[in-house]
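**Q** The sequence isn't on hand, but the structure is:
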C-alpha cells in the first residue's frame, strides 16, 4: 500500500470529485445542446435565407471555443484552478455526450413531427441546380450523390438523430484532446 502513497491525485478520483465532474458536465452539456439547437435552427432556416446559413456556420465553429471556456470555468471554480489532462479530457467527452443525447432528442422531434421532408426536398433542389450538376459531373460524383440522397430518404427520424449523436460523441472525443491539453494546469495560479 505504501507504493500508492506518492501517486498523484490525477490517477484516482474520489466519489465526490466524480459526482462534481458529472454535475458540471451535465450543466455544460445542456448549454452546448442549446448552442447546437440554435445552430440547427439557423441551418434549417438557412435553406431559404443565406444570412441564417452564416449564423449556423458561426455557431458551429464556436463549439470548441465554448467547450474550452466551460472547461476553464470547471477548472477554475470546480477544481480550484487545477486540472489534469485526463480529467479535462473526461470532462469534455462527458459534455459532448450529454449535449449529443439532448440534441438527438431535439433532432428526432424535428424530423418526426416538424420537417415533413423539408430538408430533403431542399437538398434535392440544390443538387438539381445547374451549378451543382456541373460540379458533380466535373468531379464524377453524380451517381454517388444520388445514391447518398436516396439512402438518407430511406432513413427513419431515429436513425438520422442517432447517426448525428454518434458523430457528435466521436467529435467530442477528438476535440477533447487539444482542448484538454490547452486547459490543463498542474499548479494553482497565484494572482497578485
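**A** Structure received. Being a predicted model, the structure only gives us computed values, none of them experimental.
**Q** how many other residues sit next to residue 24?
**A** Under the neighbour criterion other C-beta atoms under 10 Å, residue 24 is assigned a count of 21. (Glycine included, C-beta is placed from N, CA and C.)
**Q** With residue 180 instead?
**A** Close neighbours of residue 180, defined as other C-beta under 10 Å, add up to 23.
**Q** Please, which helix or strand holds it?
**A** Per DSSP states H and E, residue 180 falls inside helix 157-183.
**Q** so what's the residue nearest to the spatial centre of the chain scoring on pLDDT?
**A** To find the centre residue of the chain, average its C-alpha atoms and take the closest one (C-alpha atoms, centre = their mean): that gives residue 168, at 4.6 Å. For residue 168, the pLDDT comes out at 96.
**Q** Please identify the buried residues of the longest helix seen in the chain?
**A** As assigned by DSSP state H, the longest helix anywhere in the chain is helix 15-45. Of the residues in helix 15-45, those with enough neighbours to count as buried (16 or more other C-beta atoms under 10 Å) are 21, 24-26, 28-29, 31-33, 35-37, 39-44.
**Q** Next, residue 81: phi, psi?
**A** Main-chain dihedrals, residue 81, degrees, to the nearest 10: phi 90, psi 0.
**Q** for the one 4 residues further on, same thing?
**A** The phi and psi values for residue 85, taken as degrees, to the nearest 10, are phi -60, psi -50.
**Q** For the spatially closest residue to it that is not a sequence neighbour, give me phi and psi.
**A** Distances taken as C-beta to C-beta, 6 or more residues apart in numbering place residue 184 nearest to residue 85, at 4.5 Å, with adjacent residues excluded. In this entry, residue 184 is assigned phi and psi values of phi -70, psi 150 (degrees, to the nearest 10).
**Q** Going forward, the N-terminal residue is numbered 7.
**A** With 7 as the first residue, the last one maps to residue 190.
**Q** What is the neighbour count of residue 130?
**A** Each residue near residue 130 was counted by other C-beta under 10 Å, and the total is 13.
**Q** isn't it right next to residue 154, touching?
**A** No - taking contact to mean C-beta atoms under 8 Å, the distance of 11.7 Å between residue 130 and residue 154 leaves them out of contact.
**Q** re earlier: what sits against the residue nearest to the centre of the chain?
**A** When contacts are counted by C-beta atoms under 8 Å, 6 or more residues apart in numbering, residue 174 touches 42, 102, 105-106, 109.
**Q** Likewise for residue 94?
**A** Listed by C-beta under 8 Å, 6+ apart, the contact partners of residue 94 are 77, 81, 182, 185-186, 189-190.
**Q** Of these, just say which sits nearest to residue 57.
**A** The closest of the contacts of residue 94 to residue 57 turns out to be residue 185 (C-beta to C-beta; 29.6 Å).
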